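Peer 1: This is a predicted model, with the sequence first.
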Amino acid sequence: MKYRPEIDGLRALAVVPVILFHAGFELFSGGFVGVDVFFVISGYLITTILIEDIEKNRFSLINFYERRARRILPALIFVMLICIPFAWMWMMPSQMQNFSESLTAVGSFTSNIFFSKEVSYFAIAAEEKPLLHTWSLAVEEQYYLLFPIFLFLTWRYGEKRVFWIIVLLASISLTLSEWGWQDKPNANFYLAPTRVWELFSGSIVAFIILKRGVKSNNFLSLVGLTLIVFSIFAYDENTPFPGFYALVPVLGVVLLLLYGDKLTHVAKLLSTKGFVGIGLVSYSAYLWHQPLFAFTRIRSVDNPSTNLMLLLVVTSIVLACFSWKFIEMPFRNNTYFKRKHIFTLSVICSVTLILFGLAGNFNGGFTKRINGWDDLKKIPNVESSFCHNAGRRTASQLLDNDFCKIGKGSLGLAIIGDSHAGALFDYANEYLKTKNISALAISGGYCAPIINGFEAGGGCANTIENAFQRILNDDQISNVVLIAEWAIYTQGFRFTDTPRLWGDKQGKSQNISDNVNAFSRSFSTTIERLLDANKKIFVIYPVPEFYQHSHDWLGEQTLRGASVDISSAISSLPTISKNDYNKRNDEVFDVFDNHNENVTFLQVYDLFCSEEECKQYNEDMVLLYSDSNHVNYYGAKLIIDTFGSAFIN
């Protein structure tokens, strides 16, 4: 296969935007399309190599896998091994456990499957996952594993038929991808069936070029470059992707490959030393950048500065040059490493990574690394709270018509809400038993306690609507308590610029202001329906929300040696101001103010705050939160002991 330097330049055009996107530079909001550029290039190069080998009767599956192993595994394994000590030093057990699981996934070429079940590529939580970027390598590895076998077995039917089979498969994959972004966005983004059309696009190009060669067309090659650059700057995390929108950068690469002959202006630009140089180290740069960014974010108390992230971008290129020269190139040379060495080392290192990952997973993230972990793990967590999420059939304690029952004695009360309601159930269960009364306890993560289908997905609408029907039709239930992280339904995620767009039966919100309108309509409908059913309504005001996850903060203080015991670590937890609290909840308060005559509102601010600031702990250094926004058992005790007598009558 003839070397085309402009392809290395194209790799540079792919990797730099990806790195800058992950670094958080908003100008490169569509930088993630660089991965799509890589997919097309890979499909083109691999198909060209395979067809040439088949036509010259030198095709060997073992030789192909050897070349791929030499190209991919040494640098990948090296970076994974370098990540482990930093994860050990800086990660909390939950993070370490997740990192360990991802190590196992990388070692088994399934990290795309792992991340598809775990996190959105664009979620804030994804920024602290050092191996998130390996999902694209897994897609390519799965393609490398199966495509040569497919091509070899179908070649007997003729080149033309094989070409049209690939076109058909690519069309099916693209159609599936267009459906997937609407119904299965995570799976659509990460998994091979909805991504393989991009690799097949490169395969189709390979067939065409082998038939008629690369053409020289300044206009079409410039159009191709323009399409790629346009998507880098015009797309963002809200762009439906991959789907039909991915056709723009993919078509751009296709045009460059087909018409970007070395004589064209675009090819000359991409063949310059700067582009080619970065392109040559692009694989290593891609491997290095995400761990650098993720570990920096984990280590930093605040978001890393722009200057620091820019420094890390440069560092990833510098490290890429090192690993390209001392890791990639030597392992590609069979003079230094024979086939048996490559396969033996690959198997040993991959198995080592998998075993380490399994150990970290089964040991809960190696908790013994952290002094005082036994004290830390005693802090209650809302996810394990009694009855939380039971309405979604994820628990089975004391289910009553699919809803959980807490306390004992006659049924007279219902507590309904999202995970902030679930955070109360452990202590509420004990409290109600002392009063000889029971309550329906209904909660689910991000399930707003609103009656008419207010949700952003996940089945909340049906769960909550069924729960309200149960409450409205039961004459025993006289009092209804509504509790939630109310501001999530107006502003979105706490203290970020990431909106969560909700909707009710009138339609899905298109922006944050729509959220407020939908919330106001839905809340009013809920209150009206409950009042019509002669229910007394109690709404618990939102608890303060903090920037720091309390449990992780305490663990980090002890892990880093910043605090010698839990009490001193608790006292170091940052506070928020009264202004922070009000700013977060202003729209919610405005909605609540419209119902003051008909609803009893229970104000919790004074329980957690002084005149000017709010804390996650009390004067006795008892922690009241299980994370940044959910109260733990002791926080729930504070709320229920204060207001229980109001709604139990």
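Peer 2: That came in fine, so what should we check first?

Peer 1: Can you give the domain ranges for this protein?
Peer 2: Per automatic domain parsing, the structural domains of the chain span 5-369, 382-543+577-607+633-647.

Peer 1: among the ones you listed, which is nearest L559?
Peer 2: Comparing the domains of the chain by their distance to L559 (Cβ to Cβ), the top pick is domain 5-369, with 7.0 Å. Placement of C-beta: from N, CA and C, glycine included.

Peer 1: Could you name the specific helix or strand carrying G412?
Peer 2: strand 410-417 (DSSP states H and E).

Peer 1: residues in contact with that strand?
Peer 2: Strand 410-417 has contacts (Cβ atoms under 8 Å, 6 or more residues apart in numbering) with 405-407, 421, 424-425, 428, 432, 436-443, 447-449, 464, 467-468, 471, 474, 476-484, 647-648.

Peer 1: Mean pLDDT lowest where, among the domains of the chain?
Peer 2: For the domains of the chain, mean pLDDT drops lowest on domain 382-543+577-607+633-647, to a mean of 84.

Peer 1: Which parts of the stretch 251-400 of the chain are strands?
Peer 2: 399-400 (DSSP state E, counting those that start in this stretch).

Peer 1: cool, and the chain?
Peer 2: All strands of the chain, identified by DSSP state E, fall at 399-400, 403-407, 410-417, 437-443, 479-483, 503-504, 507-508, 536-540, 576-577, 600-602, 613-614.

Peer 1: Name the stretch among these that sits most buried.
Peer 2: Neighbour counts (mean count of other Cβ atoms under 10 Å) averaged over each of those peak at strand 437-443, with a mean of 27.

Peer 1: Which strands or helices does that one pack on?
Peer 2: For strand 437-443, the contact count by 3 or more Cβ pairs under 8 Å, 6 or more residues apart in numbering; DSSP states H and E identifies strand 403-407, strand 410-417, helix 419-422, helix 425-434, helix 460-472 as packing neighbours.

Peer 1: right, and those - which one's nearest T296?
Peer 2: helix 419-422 (29.5 Å).

Peer 1: Check which helices and strands the closest one sits against.
Peer 2: Short answer (3+ Cβ pairs under 8 Å, 6+ apart): helix 419-422 packs on strand 437-443, strand 479-483.

Peer 1: can you list those strands in TSV and add distance to F150?
Peer 2: Listed next are those as TSV, based on distance: least, Cβ to Cβ, whole Å:
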stretch	distance to F150
strand 437-443	48
strand 479-483	55
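
Peer 1: circling back to that earlier point, turn the domains of the chain into JSON lines, columns for distance to L554.
Peer 2: Formatted as JSON lines, the domains of the chain follow (distance: least, Cβ to Cβ, whole Å):
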{"stretch": "domain 5-369", "distance to L554": "10"}
{"stretch": "domain 382-543+577-607+633-647", "distance to L554": "14"}
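
Peer 1: For E556, which of these is the nearest?
Peer 2: E556 lies closest, by Cβ to Cβ, to one member of those: domain 5-369, at 6.6 Å.

Peer 1: before we move on, back to that, ok, which of the domains of the chain comes nearest S568?
Peer 2: Comparing these against S568 with Cβ to Cβ, the closest turns out to be domain 5-369 (16.6 Å).

Peer 1: How about the contacts made by K433?
Peer 2: For K433, the contacting residues are 407-409, by Cβ under 8 Å, 6+ apart.

Peer 1: now do M89
Peer 2: Here M89 is in contact with L559 (criterion: Cβ under 8 Å, 6+ apart).

Peer 1: Nearest to Y617 among the helices and strands packed on strand 437-443 would be which one?
Peer 2: Closest to Y617 of the helices and strands packed on strand 437-443 is helix 425-434 (Cβ to Cβ; 16.9 Å).

Peer 1: the inter-axis angle of the closest one versus strand 437-443?
Peer 2: Angle of helix 425-434 versus strand 437-443, following axes from the mean of the first three to the mean of the last three Cα atoms, to 10 degrees, is 160 degrees.

Peer 1: Compute the inter-axis angle for helix 425-434 and strand 410-417.
Peer 2: Interaxial angle of helix 425-434 relative to strand 410-417 (the same axes, to 10 degrees): 160 degrees.

Peer 1: Now do helix 425-434 and strand 479-483, the angle between them.
Peer 2: Put simply, helix 425-434 runs at 160 degrees to strand 479-483, going by the same axes, to 10 degrees.

Peer 1: Going by neighbour count, which residues in helix 425-434 are buried?
Peer 2: Within helix 425-434, the residues that count as buried by 16 or more other Cβ atoms under 10 Å are 425-432.

Peer 1: Widest-spaced pair of these?
Peer 2: Farthest pair in the buried residues of helix 425-434 (Cβ to Cβ) is D426 and L432. Separation: 11.5 Å.

Peer 1: Mutual contacts of the two, please.
Peer 2: Shared contacts of D426 and L432 (Cβ under 8 Å, 6+ apart): none.

Peer 1: for the residue lying closest to T315 once chain neighbours are set aside, what are its contacts?
Peer 2: Nearest in space to T315, with sequence neighbours left out and distances taken as Cβ to Cβ, 6 or more residues apart in numbering, is L292 at 6.2 Å. Each residue near L292 by Cβ under 8 Å, 6+ apart is listed here: 312, 315-316, 319.

Peer 1: Buried ones among those?
Peer 2: By neighbour count, with 16+ other Cβ under 10 Å, those hold 312, 316, 319 as buried.

Peer 1: could I get these as CSV with distance to Q548?
Peer 2: Supplementary listing: the buried ones among the contacts of L292 in CSV, determined by distance: Cβ to Cβ, whole Å:
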residue, distance to Q548
L312, 23
S316, 28
L319, 31
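
Peer 1: out of these, which are inside helices?
Peer 2: With helices taken from DSSP state H, the overlap with the buried ones among the contacts of L292 comprises 312, 316, 319.

Peer 1: does the second one really touch A294, like I thought?
Peer 2: No: applying Cβ atoms under 8 Å as the test, S316 and A294 come out as separate, 11.9 Å apart.

Peer 1: hang on, the earlier thing: I'd like the helices and strands packed on strand 437-443 as JSON lines, with distance to R70 appended.
Peer 2: Converted to JSON lines, the helices and strands packed on strand 437-443 look like this (distance: least, Cβ to Cβ, whole Å):
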{"stretch": "strand 403-407", "distance to R70": "56"}
{"stretch": "strand 410-417", "distance to R70": "56"}
{"stretch": "helix 419-422", "distance to R70": "48"}
{"stretch": "helix 425-434", "distance to R70": "55"}
{"stretch": "helix 460-472", "distance to R70": "50"}
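
Peer 1: how far away is N517 from D620?
Peer 2: 43 Å (Cβ to Cβ, to the nearest Å).

Peer 1: Same question for D236.
Peer 2: Distance, D236 to D620, by Cβ to Cβ: 47 Å.
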